[in-house]
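In: Okay, predicted coordinates and the sequence, questions at the end:
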There are 2 protein chains.
Amino acid sequence: MARLPLVSGAIPLRPEPAVASKLERFTRLSSDERAALAQLARNVRVIDARRDLMCEGDEPRFVHLVLDGWGCRYKTLPDGKRQIVGIFLAGDFCDVNVFILNHMDHSVGAVTRLKVAVITPDEMRALTAERPRITQALWWQELMAMSIQREWTLNLGQRTAYERLGHLMIELYVRLEAVGRAADGRCDFPLTQNDLADATGLTAVHVNRTLQELRRDRLIELERKQLQILDLPRLMDATMFNPNYLHLNREGRHLDAND
Amino acid sequence: MARLPLVSGAIPLRPEPAVASKLERFTRLSSDERAALAQLARNVRVIDARRDLMCEGDEPRFVHLVLDGWGCRYKTLPDGKRQIVGIFLAGDFCDVNVFILNHMDHSVGAVTRLKVAVITPDEMRALTAERPRITQALWWQELMAMSIQREWTLNLGQRTAYERLGHLMIELYVRLEAVGRAADGRCDFPLTQNDLADATGLTAVHVNRTLQELRRDRLIELERKQLQILDLPRLMDATMFNPNYLHLNREGRHLDAND
DNA sequence: CGTCTGGTTGATACGACTCAAATTTGGTGG
DNA sequence: CCACCAAATTTGAGTCGTATCAACCAGACG
């Protein structure tokens, strides 16, 4: 009788092909290409929750592809302040061309236990040489990452605490939905209030109070690392969320494969 | 006897080859390659100060290369708030691969009168097909733009008004220096206090008062669109400026041309 | 000479921070 | 299964940085 509790771990709506799923928000791939992507997951590495994958100053050596879990990029200041500058989710390529640079300008950490495919520069070069459509899709991916970074700049510069938090939650929900990891307004949401503070430029205390406001307004529920967006249209309105910046509407459909 | 006034317009230390100058902060180019870059400036367009080059929603059609002047990217919110998300200067390529996307997620405006080379997708494709070293350098350029965007996120999220403004001024000074448009702590600085407010997420009033503090502390002079940094080391310290994120230290020197 | 944009100043308000402590949750080991 | 501990969340009180609103001033320009 009682409402089902918001428990149970990950939502395995579409278990694994997050990569293909994401890239196909840009252009449809052939089954051949999908197989090539799956091939990348030969060399898998698992990072414990709250551990770092790489640190500022490190020399980057591999491209990573997130298979499962949540990670973040962050920068720290000499005075100890920390800013999360980006979140990555299943299906995200991490620094496709980073081996052009010889040191990291930020750190990369695991929010949850993180499963990543480790890809060598050579594998990457082979992939891009042989698969023009995938290459295009990877480009799209990078441009999308850049667009998200700009939106975060806007978020921090111009939105209130209430708007920032709501906006961030929608972004993550929509991105998860694009890789089959969210539906019906519900998704995993493993960020702590501390993480949210570091991502939105607020303090944890203020995040706490602001989340209460969002709950009181019946826009979200957030409990046990599960987020339920109760009224997406109203939340989008309240946070001035415009999905265009995510470029998820198959903008490369003119390049679609046809098998 | 009296100190020279900080007048006169642009500082033409190295008049034009800003592009090559910038890319060679990554890897040394051959004279051949430099010529190919110069070739791009066949089709020049001039935009008046305070005019827009492109608007959010537009379909991008060309790559632009800034030859002279200052421009900015910005986003606006339904409630009228505006955030400048990036500044571009002489030598900057603007959206090298933007024609992958079919609509702009932000607007692009001229801060000063702006001289840009207009480059077609075909020209771009030809350049990258024939010039691997330039292609690498363009990649570096994009990664650097991404790194700058992350640093802005950090700036807005974690630094105080005082630090934000000082940090921004150093960044722009260093970037100008890299293309021969600044020296001895002095450079053009055409941003109004309103622009600074939109770039730092502050109000113009507060920018005004904070600039006065920076002047009172003998860190900068700023008058008639001319910036003089009086004590760069101290300003870097005060704003926690770490130049690494600009990746200007010839990180691609192993690829250097040898003619 | 009026108009406009950009810069400056003052008074007041408020959103977000700080510090401190209590409470709840989740994980771990006995 | 419970006891324990650390991490995460919640609450309260007081402060501070930045916003807001409203003038006023200076120089550029037609």
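Out: Happy to help now that I have it. Numbering: from 1, shown residues only, chains lettered A, B, ... in the order given.

In: next SSE after the strand or helix carrying residue A:173?
Out: Using DSSP states H and E, residue A:173 sits within helix A:161-178. Remark: after helix A:161-178, the chain's next helix or strand is strand A:182-183, criterion DSSP H and E.

In: in its sheet, what does that following strand sit against?
Out: strand A:186-188 (antiparallel) (DSSP bridges).

In: from the chain's centre, how far out does the strand it pairs with sit?
Out: 13 Å (Cα atoms, centre = their mean, to the nearest Å).

In: right, is it up against DNA strand C?
Out: No: Strand A:186-188 stays clear of DNA strand C (Cβ under 7 Å from any atom of the strand), getting no nearer than 12.9 Å. (Glycine included, C-beta is placed from N, CA and C.)

In: mean confidence for that strand?
Out: In this model, strand A:186-188 carries a mean pLDDT of 96.

In: Am I right that residue A:155 is in contact with residue A:165?
Out: No: between residue A:155 and residue A:165 no contact is recorded; they are 9.6 Å apart, counting by Cβ atoms under 8 Å.

In: At the contact with chain B, which residues of the stretch 1-150 of chain A appear?
Out: Residues of the stretch 1-150 of chain A lying close to chain B (Cβ under 8 Å from any Cβ of the partner chain) are A:57, A:73, A:75, A:77-79, A:81-83, A:85-86, A:97-98, A:100-103, A:105-106, A:136, A:139-140, A:142-143, A:145-147, A:149-150.

In: Give the ChimeraX command for selecting the buried subset of these.
Out: Filtering the residues of the stretch 1-150 of chain A next to chain B down to the buried ones (16 or more other Cβ atoms under 10 Å in any protein chain shown) takes a single ChimeraX command:
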select /A:73,75,82,83,85,86,97,98,100,101,102,105,106,136,139,140,142,143,145,146,147,149,150
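
In: just checking, which of the residues of the stretch 1-150 of chain A next to chain B belong to strands?
Out: Taking DSSP state E, the ones among the residues of the stretch 1-150 of chain A next to chain B that sit in strands are A:73, A:75, A:82, A:83, A:85, A:86.

In: from those, which is closest to DNA strand D?
Out: residue A:82 (12.9 Å; Cβ to the nearest atom of the strand).

In: Verify the stated contact: the closest one with residue A:73.
Out: No: checked against Cβ under 8 Å, the pair residue A:82 and residue A:73 is beyond contact range at 11.2 Å.

In: one step back: now, which of the ones in strands among the residues of the stretch 1-150 of chain A next to chain B sits nearest residue B:248?
Out: residue A:75 (17.9 Å; Cβ to Cβ).

In: what about the closest one, distance to residue B:245?
Out: Between residue A:75 and residue B:245 the distance is 8 Å, computed by Cβ to Cβ, to the nearest Å.

In: what residues are shared contacts of those two?
Out: Taking Cβ atoms under 8 Å, 6 or more residues apart in numbering or on different chains as the contact rule, residue A:75 and residue B:245 both touch A:105, B:150, B:151.

In: of those residues, list those near DNA strand C.
Out: Okay, of the shared contacts of residue A:75 and residue B:245, nothing touches DNA strand C (Cβ under 7 Å from any atom of the strand).

In: now those residues in CSV, with pLDDT and distance to residue B:175?
Out: Formatted as CSV, those follow (pLDDT from 0 to 100; distance: Cβ to Cβ, whole Å):
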residue, pLDDT, distance to residue B:175
A:105, 96, 15
B:150, 98, 15
B:151, 98, 12
